[in-house]
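Asker: model the structure of this input:
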Amino acid sequence: MTQYSYSRVSLFEDCPYHFKLRYVDKLTEIPDWNNPANPLLIGNALHKGIETDVPTAIDEYFKSFPGINDRMVEESMKLEILIPKVKQFLEENFVGFEYIHEYKIDKPNYIGFVDLILTTPNGESMVIDFKYSNHIKNYMDSGQLHLYKHYLEEDGFDVKRMAYLFVPKTSIKQKQDEDLFHFRKRLVQEVEDSSVKMVPIEYDEMNVVYFKNSIKKIETAKSYPKNVSGNCFSCNPRFQPNYLEAIQNEKGEIIMALPKNERRELTIDENPDFWIYGDSYVGKSTFVDNISNLLFLNTDGNTDNTTAPVIPIKDEVKKEGRRTLRKLAWEVFLETINDLETEENTYEAVALDLVEDLYEHCRFYVFEQNGWEHESDGSYGKGWSKVTTEWQKAIKRLKALGYQIGYVSKELRKDITLKGGSVRTTFTPNINEKVANFLTGTVDLTMRAFSNSDDERFLQLEKKNNVFGGGRYDWKVETCALDYDEFLEELKAAQEGKSTKRKKKESTPVKEDSSKRERKKSEAGPDEQEENAEDSPAEEKPKRTRKKRDPEPEETTEEEQPKRQRRSRKSDDEENEEKPKRQRRQRNAVDDTPPGEEEDADEKEVEKPKRTRRRRSRGEKK
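Answerer: Numbering: from 1, shown residues only. Model (predicted):
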């Protein structure tokens, strides 16, 4: 029997058409990560914070997005103020009550999650549902709380009262002549001046009757008209869902539904669609080249280190007599998709290298078609809409073919300002943020490739707030070597729930494949070493104090000694004399830098020799 939630039934009552797309056709909605104030993500973080604490809520919020920017920092600042407000309200008004958070109602025909149940010592209960909204009137006719009361009483609760607790939503924008500091100061003041509001609801049994009647209508439905209530947000082009399996026009309307491909449904997926990005020459394309039966669609001509077949995606120019015929690179790409759709081949994977170049080819193609020089030349946002539609249409077609897809990109470093004013460096693919959010929603995981000061190459697997990435896997390690076989081992372990076997690291500076997991901990920054301290074996503990650079050589461990010898450029006496200066320079290091990005103090010392004062001779003029 199908279990119906209140939101599922409400969608049918508002718009049977979108109900069908989501629950009957089961189209995949690409997540909307372009909106830092996404109600669903903010709501989840708010509930988590009320149940636990503010740091847990902030972490939950940031991990919901593939990357982080200034607008997300501002949303987290709101949560830091609002969560204590809600907790204080509950503590002041419900002394002595027992709190039950996120209670699951699980019935044969109904499923729901109650935000909060407050129970008195005498057994009476009150049901509260949190709403992050200022539009109180929109919820007064909702049947959600009435259903909670009905089904909770079947579970043995004595529900006497129901209420919505409205958490105020502050939506102000930075003025053109306002700097970030003063804008955030004004934002904090606005949120602090707001207050939560509880609105009691009287129980009406007819809401339960309406709900059950709606279930009968759903189960007997044969037609699915659009927006029958006039209240369907999904029918508004601004809020139109973006479906992975459907080609949509500029208004968000589906013009062609692509068939869902079930070919690669496996218990353990060893062929995930992925996006890898990093600095030039770090080895991204070489990593992807290890995939079997791969076809490269290359845009930059850099194919010297790969062996897979390549189709160059570039403008093709031919001369016929006096005429010069030009085929744009984007047209070459579209023809390649047509060939993959219609011609038999033995390829199992397709890699787009570089995907940001391909996006630029798409933009130029749209400009040529419309006689534009920029998206802004199209009136009322038409230019941006046309480019987005053309781009997403082609990517969805490629995805629908069932090949394993790999995107390859270069890296872009951006600085964001945190709450306290400190600046943090973030690492993202070198592409428009909205395009990046779309692309990462079409793959199973997004990874950053990087190298450390010893030129050892790694993949960032686990989600980090300042590194764009993430996916649907539960990684057992933060990083692994930039080696496709080791990546597959970690991929299997992440799906099996078992960690892979590793050899112990040898006490030698020579790079060895068997010690990748131990090596990445020793190369991590101070913050990451503390996070991994519990997982580190006892003999690895001295590595956490390596950066202290103790002047007494006899206190170092045998494992550290080879590295200190290798990095040393002077005699012991000289090194002891220079040591205080090296400590001063290290104070400028950024704690938030991911592994492999820390700067070498010795190299800084050599690059900036001590300045000396030149003496003037007595007869020298000023």
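Asker: going by C-alpha atoms from here, please, whenever you check contacts or count neighbours.
Answerer: Fine.
Asker: where in the protein is pLDDT low?
Answerer: 249-253, 255-267, 497-622 (pLDDT under 70).
Asker: report the longest helix in it, please.
Answerer: If you go by DSSP state H, the chain has its longest helix at helix 70-93.
Asker: tell me the buried residues in that one?
Answerer: 72-80, 82-83, 85-86, 89-90 (16 or more other Cα atoms under 10 Å).
Asker: same deal with stretch 305-325?
Answerer: Ala308, Val310, Pro312, Ile313, Lys314.
Asker: now stretch 424-442
Answerer: 425-431, 435-442.
Asker: distance between the ends of that stretch?
Answerer: 28 Å (Cα to Cα, to the nearest Å).
Asker: what of stretch 155-173?
Answerer: 46 Å.
Asker: list the buried ones in that stretch?
Answerer: Buried, per 16+ other Cα under 10 Å, within stretch 155-173: 157-159, 161-170.
Asker: again with stretch 376-384
Answerer: Gly378, Gly383, Trp384.
Asker: give me the distance from it to the chain's centre.
Answerer: Computed by Cα atoms, centre = their mean, to the nearest Å, the chain-centroid distance of stretch 376-384 equals 28 Å.
Asker: how about the CA coordinates for that stretch, as PDB?
Answerer: Below are the C-alpha coordinates for stretch 376-384, written out as PDB (Å, rounded to 0.1, in the frame of the first residue of the first chain):
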ATOM      1  CA  SER A 376      22.500  41.100 -21.700                       C
ATOM      2  CA  ASP A 377      21.700  42.000 -25.300                       C
ATOM      3  CA  GLY A 378      18.600  39.800 -25.000                       C
ATOM      4  CA  SER A 379      15.800  41.800 -23.500                       C
ATOM      5  CA  TYR A 380      14.300  41.000 -20.100                       C
ATOM      6  CA  GLY A 381      16.700  38.200 -19.300                       C
ATOM      7  CA  LYS A 382      16.000  36.400 -22.600                       C
ATOM      8  CA  GLY A 383      19.800  36.100 -23.400                       C
ATOM      9  CA  TRP A 384      20.600  34.300 -20.100                       C
END
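Asker: use 50 as the first number from now on
Answerer: Taking 50 as the first residue, the last one we looked at is stretch 425-433.
Asker: can you get me a residue count around Glu422?
Answerer: Applying other Cα atoms under 10 Å, we find 13 other residues in the vicinity of Glu422.
Asker: contact partners for it?
Answerer: Phe416 (Cα atoms under 8 Å, 6 or more residues apart in numbering).
Asker: so it sits in a strand?
Answerer: No: counting by DSSP: H, G, I helix; E, B strand; the rest coil, Glu422 is not part of a strand but coil.
Asker: from Asp503, how far off is it?
Answerer: Taking Cα to Cα, one finds Glu422 at 45 Å from Asp503.
Asker: again, but for Gly420
Answerer: Counting by Cα to Cα - Gly420 and Asp503 are separated by 50 Å.
Asker: now Thr219
Answerer: 48 Å.
Asker: equivalent analysis for Arg57, please.
Answerer: Distance from Arg57 to Asp503, by Cα to Cα: 54 Å.
Asker: higher neighbour count, those two?
Answerer: Shown here are Arg57 and Asp503; by other Cα under 10 Å, Arg57 has more neighbours (14 against 9).
Asker: in the stretch 250-399 of the chain, which spans are helices?
Answerer: For the stretch 250-399 of the chain, the helices defined by DSSP state H, counting those that start in this stretch cover 255-269, 333-337, 378-391.
Asker: now the second one: buried residues?
Answerer: Using 16+ other Cα under 10 Å as the test for burial, helix 333-337 gives Lys333, Ser334, Thr335, Phe336, Val337.
Asker: and if you look at the last one?
Answerer: For helix 378-391, the buried set under the neighbour-count rule, 16+ other Cα under 10 Å, comprises Ala378, Trp379, Glu380, Val381, Phe382, Leu383, Thr385, Ile386, Leu389.
Asker: ok, stretch 262-271 next?
Answerer: Ser263, Ile264, Ile267.
Asker: the second one contacts Leu60, correct?
Answerer: No: under the contact definition of Cα atoms under 8 Å, Ile264 does not touch Leu60, with a separation of 11.7 Å.
Asker: which parts of the stretch 150-299 of the chain are strands?
Answerer: Counting by DSSP state E, counting those that start in this stretch, the stretch 150-299 of the chain has strands at residues 160-168, 173-181, 207-216, 246-250, 295-297.
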